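**Q** here is my input; please provide its structure:
(one chain, ligands or ions: 1)
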Amino acid sequence: MAPERPTLRWTETGDEAVAETVLRALPDWFGIEDALSGYVAASGRLPTVTARLGGEAVGFASIGPVTPGTAEIHVIGVPPSHHRLGVGRRMIAAVLARCRGTGVRLLTVKTLGAASGDPFYERTRRFYDAVGFAPAAELPDLWGPGAPCLALAMPVPEDRTGWTNRDPLSDAPPPPSPGPPP
Ligand SMILES: CC(C)(COP(=O)(O)OP(=O)(O)OC[C@H]1O[C@@H](n2cnc3c(N)ncnc32)[C@H](O)[C@@H]1OP(=O)(O)O)[C@@H](O)C(=O)NCCC(=O)NCCS
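**A** Numbering: from 1, shown residues only. Below you'll find the predicted structure:
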């Protein structure tokens, strides 16, 4: 049986409660308390997409601007109980849909690079690769010793369909065009 589709919602002012619940379920990735608190606080002020299944929070992603043409995934997480069910892929699709038509042409994310030897972040890099990110830069000194940073990027596909103004989380077609001016 196909897994149930999560309900995705955007909140412009973030959702600290969901961020904290999800990140505390991921100690292998977010085990440093100061870092976790920083991500939770950031998620409380950044546009955030949350994923729920039957009321249970099963993921979130918070995005921030980098330049007018680039947005960055500041933090993303899915609890281990719901890994590999397509929640992350759907949240990335929602982020791309939100960026489309806003002048944002590039989506970026930073993660721990392969030189760290961390087996958990190796899974993270596989995810980013699978959804379309490509390595853009290695920044070995950004996060300090033992934490080599890998910056990844992917283009935001241009919308040439005229569907720019539809609700990106809805499968419904866009409202009819008013047509050319008289
Ligand atoms: C990274 C993360 C958000 C992915 O979410 P997810 O819902 O599990 O991912 P999806 O099910 O949408 O996976 C999409 C594809 O990515 C790849 N992928 C995801 N997890 C993978 C893993 N552990 N190993 C190999 N490939 C993986 C697969 O190709 C997968 O497609 P498939 O299952 O059809 O083969 C989630 O694993 C997570 O929260 N990880 C811990 C926190 C984290 O790494 N945050 C980012 C810090 S920079």
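**Q** in this protein, where's the longest strand?
**A** Counting residues, the longest strand found in the chain (DSSP state E) is strand 56-67.
**Q** packing partners of that one?
**A** For strand 56-67, the packing partners by 3 or more Cβ pairs under 8 Å, 6 or more residues apart in numbering; DSSP states H and E come out as helix 16-24, helix 33-43, strand 48-53, strand 70-77, helix 87-99. C-betas here are computed from N, CA, C, even on glycine.
**Q** okay, the ones you listed in CSV with distance to Leu8 and mean neighbour count next?
**A** Converted to CSV, these look like this (distance: least, Cβ to Cβ, whole Å; neighbours: other Cβ atoms under 10 Å):
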stretch, distance to Leu8, mean neighbour count
helix 16-24, 12, 20
helix 33-43, 15, 16
strand 48-53, 5, 22
strand 70-77, 13, 22
helix 87-99, 5, 21
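**Q** nearest to Ala147, of the ones you listed?
**A** helix 33-43 (10.1 Å; Cβ to Cβ).
**Q** hey, C-alpha coordinates of that closest one in CSV?
**A** The C-alpha coordinates for helix 33-43 follow below in CSV (Å, rounded to 0.1, in the frame of the first residue of the first chain):
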residue,chain,number,x,y,z
GLU,A,33,22.4,21.6,22.3
ASP,A,34,23.6,25.1,21.4
ALA,A,35,23.3,24.3,17.7
LEU,A,36,19.9,22.7,18.2
SER,A,37,18.6,25.8,20.1
GLY,A,38,20.0,28.1,17.3
TYR,A,39,18.1,26.1,14.6
VAL,A,40,14.9,26.1,16.7
ALA,A,41,15.1,29.9,17.2
ALA,A,42,15.8,30.5,13.5
SER,A,43,12.9,28.3,12.5
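**Q** ok, now which ones touch the closest residue in space to Ala41 that isn't next to it in sequence?
**A** Nearest in space to Ala41, with sequence neighbours left out and distances taken as Cβ to Cβ, 6 or more residues apart in numbering, is Glu16 at 7.2 Å. For Glu16, the contact set (Cβ atoms under 8 Å, 6 or more residues apart in numbering) comprises Val40, Ala41, Ser43, Gly44.
**Q** flag every residue of this protein that's near the ligand.
**A** When proximity is defined by Cβ under 6 Å from any ligand atom, the chain lies next to the ligand at 26, 29, 76-78, 83-89, 111, 123-124, 126-127, 130.
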